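Engineer: generate a structure from the sequence data that follows.
(chains A and B)
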Amino acid sequence: MRGWRSLLPILVFTALYAAVSLSVTNSYYQLVMTLVPVWAIFGLSWNLLSGYTGLISFGHAAFFGVGAYTVVLCQIHFDLSPWVTIPIAAVLGGIAGLLIGFPTFRLQGHYFALAMLAYPLAILYVFEWLGLQEVTLPIKRDNPIAYMQFADHRLYTLLALAMMLGTILLTRAIERSRFGMALLAIKQNEAAAEAAGINTLAWKLRAVTLSGAIAGAVGGFYAVVLLVVTPQSVFGMLVSAQALTVAMFGGVGTVWGPVIGSVILIPLAETLNAEAGSRFPGIQGVIYGLAIICVILLAPEGLYWKARDFLRKRSALPAAATQSAPNVPVAAPVPAAPARVKRSVGTGDVVLEVRNLSRSFGGLKAVQDVTFKLRQNEILGIIGPNGAGKTTLFNLLNGFLRPGTGEILLGGREMSGRKPHELCEAGIGRTFQIMRPFLRMSISDNVVVGAYVRAKTDVEARKLAADAIARVGLSEIAERIAGELTTKELRLMELARALAGQPRILLLDETLAGLGHDEADEVVAVIQRLARDGMTIAIIEHTMQAMVRLVDSFLVLDHGAVIVEGEPEAVTRDSRVIEAYLGKKWVAHAPH
Amino acid sequence: MGQDKIEDNLSDKISKTSLTRRTVLSGAAAIGLSTVARAQQPAEVKVGLIVPLSGIYTRPGQVMRMGAEMGIEHINAQGGIKSLGGAKMKLVVIDCGDTTEKAKNAAQRMVAQEPDLVAATGSYLSSFTLAVTEVTERAELPVLTLSYSDLLTDRGFKFIFQTAAPASVQSQLGLPELMKLAETASGKRPKTVAMLMDNTATSVATAKALKEKLLAQEGLQLAVEEVWTPPLSDATPLIQKVRSARPDLLLFMPNAVSDAKLGLEKINEFGLGQGKIPTVSFSITIAEPDMLQSVTPEVVQGIMTIVANWGCKGHEDIIAELKAKYKEPWATQNVISTYGDMWLMKAALEKAGKANRLAVADAFRTLDGGPAKYYPGGQLKFDEKGRRVGAGVVIVQWQNGVPVTVFPSDLAQSSPFWPKKS
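Structural biologist: Numbering: from 1, shown residues only, chains lettered A, B, ... in the order given. As a prediction, the model looks like this:
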C-alpha cells in the first residue's frame, strides 16, 4: 500500500509528460521532448552504480556506445530491427559492465573514477581503428514501423518515456530491497558493509551489470533517434559527462535526481542553442556552464535533496513545537546500570578460540602470539594502552586483516583468513570505534542493512531489525534520520545493526567512547542486558570504571602481546597492568 | 501606387478618430497589403546555411558564411530571382554546433522553425552533414554539400546534392595528375612513397582508395605507412621512419592545423623539407590561412594538396572582395563552394519558377546548367545519386606564402614547380 502511494508522483509525472508531448506539433520540440527521457535514463543508469555505491564512474559512455553501435551495426549487416537489437544492446551493455567492473572494482575512490574514464576513450579509438567513424541507420521506406522509424516523432517520446518509467520502477524496486541497502551501505563505508555481512564485490558487480544493461539499451535507442553514430557521439567524454551532469544537478542517489536534472538541463541547453546561439554563437556554452556552476554551489548534492531538506525543515518547524516534550526521553527507560552481577563464568562452551595469533606490519609486531578463549555468554574486556593492538586484534577476528600466523576457531571451525562478510555470516558481529552511520537513512533502515545476512526476505529482515532496535531501546525513535541523533543514540544504533545479523559473538570497539558518565551507564546497561539474554561479547574500552562493572574477565594487551588475563579484581591490581597504563613509578603506589 | 491610394481612402474614412489610432490602422492596412503582394509574388526566398558557428569548427563555418553572404549579395544586386519577379534571396544562418547530436538538433530546428526554406547548404564535417541530411531528407528539403564522404550519397537519399567529387574519387583524380607533374618537372617518375595519416573518416577513406588500387596503378611502392590519432603529440618517430626510408614522395594527411604544423616543422628539422622529399596532402587543412600563424612560408613552400575546390582563375573579383571585406588572404574551398552553392540555388529557383522546396529539389535533379563556374570541372548537373556530374579536383601548391591553384591548367593561377632533390 505504502509502495503504491509513493508511486503516484511518478505516474502523475509520466502521464503529464506524455500529455504535453502529445500536444507538441513542432518536430524540433518533439525531438527535445524525446531527448529528455533519453538522458534521464542514462543518468538513472549512472545513478544505479555511482549514486548508490558512491563509486564515481566517468566512463558510462562505454556501455552507452556499445548499445548504440550494436543497434546500428546489426541493422546494417543483419537487417535486424531496433525492436530486437535494443534488448540485445542491453545484454551486451550488461556484459560490458561485468567485464569492466570485475577488474576495476579492485580500485576505490579517485582511482576507480580515473580507471573508468579510460574505458570509453580506449574503445573510441578501437572503433575508429575499425573504420566505424561514421555509420548511419539505413532509412526504411517500405516498412518503417518494423524498424522503429516513425513519421510521427511523438511516438519516440512515448517510447522513451515508457523506457524511463521502466527504469524508474526498477531503480525504486532496487532502492527498497536488500540490493539497494547493500549499495547504500557500500557507499557509506565499504568496510563496515563487509563487516555487516554484505558481499560487497558481488553486489557491486550486480550493480554495474544492471547499470551497463540500462545504459546499453538507452544507447541503442539513442542511435535510433540520432540516426548517425560516430565514436565521438556515443563514446566521447561529453557523453559520460552528460550522465554525471544530469544526475548531480538533479540529485545523486535518488530516482528523481536524473529525471529533474534532465527535465531542466536538456531543454535549457537547446533553448540556449536556439536563442542565444543564433545571436552570439558560442554564448550558449558559457551560460549553460555558469548555470550548472551556480546550482552545484548552492545545492552541492543536487536540487532534489536541497528541495527535500527545505520542505522537511518547513514542515518540521510547527511540528517541533508540539512534539518537543515527548521527544526528551529518547531511549526507552533503561534501569540504571547495576553493579556487575557475578555470573557463573568459565563453565560455558567455548565459542571462540584464538591460538597463537600474530600479525606484523613490516617490523612492527602489532599482534603477537595472542591466545585466549571466549565462552558462551561471557563478557571479555580487552584493554591496554593506545597502540597495544586491540583494534588490530578485532580486525583479525572479523577478517579485515589476514593473520600472519595462528588460528581462529569459531565453534570449533577454523576461520582465519576468511572475508569479513563470510565471518559475519558465521556469527561475528562488530561495531566500530569511529561510528559509520548512514546519515540520510532512518534508524530502522540503518539497522536493516545488518539484518540481511540472516534474513531471506525483506519482510524477515525488517522483523529482525525491529527486534534488534527494541533490544537496544530505540523503538520509539526508529523512524528518525540518523543525522539527527545524539552520540549515544548512534552508538546504540550501531549496536542494533550488529545485533540484527543475529551474531553469536559481538565485538564492540570502544562503544563507550565520547559518552558522558550517565550516557555511558545507559549503554552499559544495554550491554549487560544483552549478556543476560545469552550474548557472548568481547569489548575494547578505555574507561576502566565502566569496564570493571561490566566484564567477566579481562585480557590485557601491551605491544601486541597478552600480559595478563583474568578476573577484573585481580587484573586491576596487577603491577604489570599498572605499569603498562601509567608507567613504572605508579607501581609503587598501587595497593598490594 | 495603388497601395497609396487605398491608404489615403482608409485614412479619410477614419480621419475623425485619434491620431494614434489612425496611424496604427494605416500601418495595419499596409502590412495586410504587402502580405497579399507577397502571396502573388514572393518578395524574398529563404535559403539556409547550417554550419558550425560555435565550438572547435567555428572557423570553417565562418568562412562558409562569408561565401554565402557574398553570393546572396551578388545575386540580389543583379536582380534576384527573375522567374519569381525579381524576388530577393535571404540567408537563414543556423549554428550546427560541434557535435553530431547538436547538428541533428539544429537541423530539426531548421526544418521546424523555418518552414519556408527552399534549400540549404552545409555542414562542413561529413559527420554533421550525415546527421543534418537524415533530418532534411525526411523533411524533403534539398541540401547542397561540399562534404565528400561517399556515404552521404550512398544512402539512397533524394534530397542531397554533393557538389564535390566524393572522397574515393578525389585521390583517383588527383594522383595521376600529380605523377604527370612530377615526371614533366623532374624527368623521372616517383617509385616509392611514404604515407603519414591521421585516422579521421576522410583520411581513412582516401588511404583505402590509395592502398587498394591507386598506388599499384601508378606503380608506386608503399615504403612507410604510419597512422596517428589526432591530436599528434610528437611527430619525431613518424618523420624518423620517413628519413630512413627516403621515399620519392611523401603523402602527409593531417586534418588539424596543429598536427600539420608539428609534422611540417619536424620534416624541416630533419632536413627533408623544401623539396628534399616532395610532400603532398589530401585536405585543405595544410592550405588554411591559419597555417601561416604557426609556420613560416619557407616551411610550406612547394607543398601540394589535392582538394575539392579552390579559388581559381576567373575568381579574381571574388578573391579581391573577400580580401577587402573579410580580410581573408585567399579563397579556400569553403568560401568558393558556398558562394557557388548560392548561384546553384538561384539556378534551381529560376528553373522551378516557384519558391517551393519540392519544386527546387526537382529542379536540382533535372538541372542541366552547363559547365560549372564555381566548382572545378564537370557540369551543373547531378546524377541519380545526387553527385555532380564530372566533378573534378584542384591541386593547390604553396608558392611564396600563398597556396595557389596549379591544376587543372585551365583554372590554374600559376604554373606548378616540382621540388627537386638537391
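
Engineer: for residue 408, list the residues it contacts.
Structural biologist: Looking at chain A here, since you left the chain open. Residues in contact with A:Ile408, defined by C-beta atoms under 8 Å, 6 or more residues apart in numbering or on different chains, are A:Leu352, A:Glu353, A:Val354, A:Arg355, A:Leu357, A:Leu396, A:Leu397, A:Glu414, A:Met415, A:Ser416. (C-beta placed from N, C-alpha, C; glycine too.)

Engineer: let me rephrase: I mean chain B.
Structural biologist: B:Glu177, B:Pro376, B:Gly377, B:Gly392, B:Val394.

Engineer: right, and A:Gln528 touches A:Leu550 too?
Structural biologist: Yes: counting by C-beta atoms under 8 Å, A:Gln528 touches A:Leu550, with 6.6 Å between them.

Engineer: give me the more crowded residue out of the two.
Structural biologist: More neighbours surround A:Leu550 than the other of A:Gln528 and A:Leu550, with 23 against 20 (other C-beta atoms under 10 Å in any protein chain shown).

Engineer: got the buried residues for the helix or strand hosting A:Val526?
Structural biologist: Counting by DSSP states H and E, the element that carries A:Val526 is helix A:517-532. Neighbour-count burial for helix A:517-532 flags A:Glu519, A:Ala520, A:Asp521, A:Glu522, A:Val523, A:Val524, A:Ala525, A:Val526, A:Ile527, A:Gln528, A:Leu530, A:Ala531 (criterion: 16 or more other C-beta atoms under 10 Å in any protein chain shown).

Engineer: closest to B:Leu53 among those?
Structural biologist: A:Glu519 (67.1 Å; C-beta to C-beta).

Engineer: now the residue nearest the centre of chain B: how far from chain A?
Structural biologist: Central residue of chain B (C-alpha atoms, centre = their mean): B:Asn334, 3.6 Å from the mean position. As judged by C-beta to the nearest C-beta, to the nearest Å, B:Asn334 and chain A stand 16 Å apart.

Engineer: state the pLDDT value of that residue.
Structural biologist: Listed pLDDT for B:Asn334 reads 93.

Engineer: likewise for the one 4 residues further on?
Structural biologist: B:Thr338 is assigned 96 on the pLDDT scale.

Engineer: in a helix, that's where it is, yeah?
Structural biologist: Yes: assessed with DSSP: H, G, I helix; E, B strand; the rest coil, B:Thr338 lies in a helix.

Engineer: which residues touch the closest residue to it other than its chain neighbours?
Structural biologist: In this structure, B:Thr338 finds its nearest non-sequential neighbour in B:Gly67, 3.4 Å apart by C-beta to C-beta, 6 or more residues apart in numbering or on different chains. If you count contacts by C-beta under 8 Å, 6+ apart, B:Gly67 has them with B:Ala331, B:Asn334, B:Val335, B:Ile336, B:Ser337, B:Thr338, B:Tyr339, B:Gly340, B:Asp341, B:Met342.

Engineer: nearest to A:His110, of those residues?
Structural biologist: So of those, ranked by how close each gets to A:His110 (C-beta to C-beta), first place is B:Asn334, at 43.5 Å.

Engineer: could I get the helix or strand where that closest one lies in PDB with only the CA atoms?
Structural biologist: Using DSSP H and E, B:Asn334 sits in helix B:333-352. Taking C-alpha atoms only, helix B:333-352 is exported to PDB below (Å, rounded to 0.1, in the frame of the first residue of the first chain):
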ATOM      1  CA  GLN B 333      37.100  25.700 -51.000                       C
ATOM      2  CA  ASN B 334      34.800  26.600 -48.100                       C
ATOM      3  CA  VAL B 335      34.400  30.100 -49.500                       C
ATOM      4  CA  ILE B 336      34.200  29.300 -53.200                       C
ATOM      5  CA  SER B 337      31.900  26.300 -52.900                       C
ATOM      6  CA  THR B 338      29.400  28.000 -50.600                       C
ATOM      7  CA  TYR B 339      29.500  31.100 -52.900                       C
ATOM      8  CA  GLY B 340      28.800  28.700 -55.800                       C
ATOM      9  CA  ASP B 341      26.000  27.000 -53.800                       C
ATOM     10  CA  MET B 342      24.100  30.300 -53.700                       C
ATOM     11  CA  TRP B 343      24.300  30.600 -57.500                       C
ATOM     12  CA  LEU B 344      23.300  26.900 -57.900                       C
ATOM     13  CA  MET B 345      20.300  27.500 -55.700                       C
ATOM     14  CA  LYS B 346      19.400  30.600 -57.800                       C
ATOM     15  CA  ALA B 347      19.700  28.500 -61.000                       C
ATOM     16  CA  ALA B 348      17.300  25.900 -59.500                       C
ATOM     17  CA  LEU B 349      14.900  28.600 -58.400                       C
ATOM     18  CA  GLU B 350      14.900  30.100 -61.800                       C
ATOM     19  CA  LYS B 351      14.100  26.700 -63.300                       C
ATOM     20  CA  ALA B 352      11.500  25.800 -60.700                       C
END
